[in-house]
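# coordinates only, sequence not included:
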DNA sequence: CGTATTCTTGACTTATATCAATGTCGGTGG
DNA sequence: CCACCGACATTGATATAAGTCAAGAATACG
């Protein structure tokens, strides 16, 4: 029931904490490994742990009204997830599954509450994080509310590249396996539509597709496409 | 440069504060009145004040890529707004305009930062608020990503009724002027579509429309419509 | 090798945006 | 008080993006 405080040194969330604070926070955390495809938690389960992604990559997906799953967000290293709950009873409103092997820091909910009250600066870090997450969610809402599918997809891909792009000969590659189904769930469209658009882009030399992988060859062109007037 | 601490007593945001804390918070706040239609701030302006809506109603709208405005949220009394900013430079990412006469509590950004550091419990209240706002935004994202326009509209109307419904002979009325254009911007569709759907509902006896007003006569039916399988 | 994912592609349908025109209400000022 | 104007709402015709249905090909994996 304790992890190395140095693991937390880099995280923005704990930037406003002193060494003592970080030590206290680390003291009640556990490390957990998640193999690709494994769930950290599932929609509907009670919330009794708080998670911070240290390495790897997750998707937070939610199903409602019996429809296809929608991906609320992709979680990148350094981010807490499953904050932002509605009114009690507190249950996970989404399913978190690893897109690749990942490591998490995990706090029991009770300890986390205590830390929040006792470690000065921690709530402020949280406010910061939540603010960023809110801003991003609003941004995606705006996209889906006002742009057509190709443009939304372009935005989604660019965001992924920015957050998890690996430099490679010929372009930037999304550094984890992501199916076209996932891209569809991320942009609120269907697999078929994504496939068509991706093929078109591939013909145009913008990208090179593959099975659960994507290499972006021409970022400026994609950016133009994402924001073009018409 | 100070308002009555009792004004803040009811706000959930300050629930975890003692009387002393509330007094400190109230001490650096100002009251401000906004006539219907007036803006508290506009998209792009630097953020140098923090706002809490005490009474009335606002809309937070954002324009991007030269398209129609999208309403990010309707702000109801008791809510802070324009939290959740991205990385610096901090500028308002939306325009806040009053839908009816409103009163705000206003803090200079600097004072607010100081309060956040010095008043115990305040950051926690903020975390709570941000969590709720995030949950709602995610909910709306889910709707727009997976439901067709009539269902989205039903959800939007129901949410408005729940938050700002006034009991009336024959049903619940949305207690502030809201144009069909606004409803369209709220659900990511067009004025025309909203008009058609509303007339259909009116024929079905679900609602009674009017110029910038809406009376919901049959909430259960609308609810059914909002979530129906197909 | 064969089986299961993941992806591609085509034909078709439908929801929804767009274009265009008309109507109605409410406030303003003559 | 009436006439006018601007904001808001209704409605129809049309175009098109995107969803649905259906089938098949490519790739990974056991």
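Yes, it's here. Note that the structure is predicted; figures quoted are calculated from it, not measured. Numbers count the residues shown, from 1 in each chain, chains lettered A, B, ... in the order given.
# going by C-alpha atoms from here, please, whenever you check contacts or count neighbours.
Will do.
# remind me what the longest helix seen in chain A packs against, helices and strands.
If you go by DSSP state H, chain A has its longest helix at helix A:122-146. Packed against helix A:122-146 by the contact rule (3 or more C-alpha pairs under 8 Å, 6 or more residues apart in numbering or on different chains; DSSP states H and E) you find helix A:109-118, strand B:70-75, helix B:122-146.
# ok now that helix, how far from the chain's centre?
Centroid displacement of helix A:122-146 relative to its chain, using C-alpha atoms, centre = their mean, to the nearest Å, is 12 Å.
# give the buried residues for it.
Buried residues in helix A:122-146, counted by 16 or more other C-alpha atoms under 10 Å in any protein chain shown: A:122-146.
# distance-wise, check residue A:126 relative to residue A:79.
Using C-alpha to C-alpha, to the nearest Å, one gets 10 Å for the distance from residue A:126 to residue A:79.
# what sits in contact with each of those two?
residue A:13 (C-alpha atoms under 8 Å, 6 or more residues apart in numbering or on different chains).
# is it true that residue A:68 touches residue B:146?
Yes - counting by C-alpha atoms under 8 Å, residue A:68 does reach residue B:146; the two are 7.4 Å apart.
# just to revisit the earlier point, angle of the longest helix of chain A against helix B:122-146?
Using axes from the mean of the first three to the mean of the last three C-alpha atoms, to 10 degrees, the direction of helix A:122-146 lies 20 degrees away from that of helix B:122-146.
# what angle do helix A:122-146 and helix B:109-118 make?
Relative orientation of helix A:122-146 and helix B:109-118, computed by the same axes, to 10 degrees: 130 degrees.
# number of residues surrounding the closest residue to residue A:34 other than its chain neighbours?
Nearest residue to residue A:34 in three dimensions, chain neighbours excluded: residue A:102, at 5.1 Å (C-alpha to C-alpha, 6 or more residues apart in numbering or on different chains). By other C-alpha atoms under 10 Å in any protein chain shown, the residues close to residue A:102 number 21.
# with residue A:103 instead?
Using other C-alpha under 10 Å, residue A:103 has 19 other residues around it.
# just to revisit the earlier point, so is the longest helix of chain A next to DNA strand C?
No - counting by C-alpha under 7 Å from any atom of the strand, no contacts exist between helix A:122-146 and DNA strand C, the nearest distance being 8.2 Å.
# show the average pLDDT along that helix.
Mean pLDDT, computed over helix A:122-146, is 95.
# for the nearest residue to residue A:112 once chain neighbours are set aside, give its distance to DNA strand D.
Nearest-residue entry for residue A:112: residue A:50, 7.2 Å, with adjacent residues in sequence omitted and distances by C-alpha to C-alpha, 6+ apart. To DNA strand D, residue A:50 is 31 Å away according to C-alpha to the nearest atom of the strand, to the nearest Å.
# and chain A, what are its domain boundaries?
Domains of chain A are assigned by automatic domain parsing as A:5-133, A:147-227.
# reformat these as TSV; add distance to residue B:110.
Shown next, in TSV, are those (distance: least, C-alpha to C-alpha, whole Å):
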stretch	distance to residue B:110
domain A:5-133	15
domain A:147-227	31
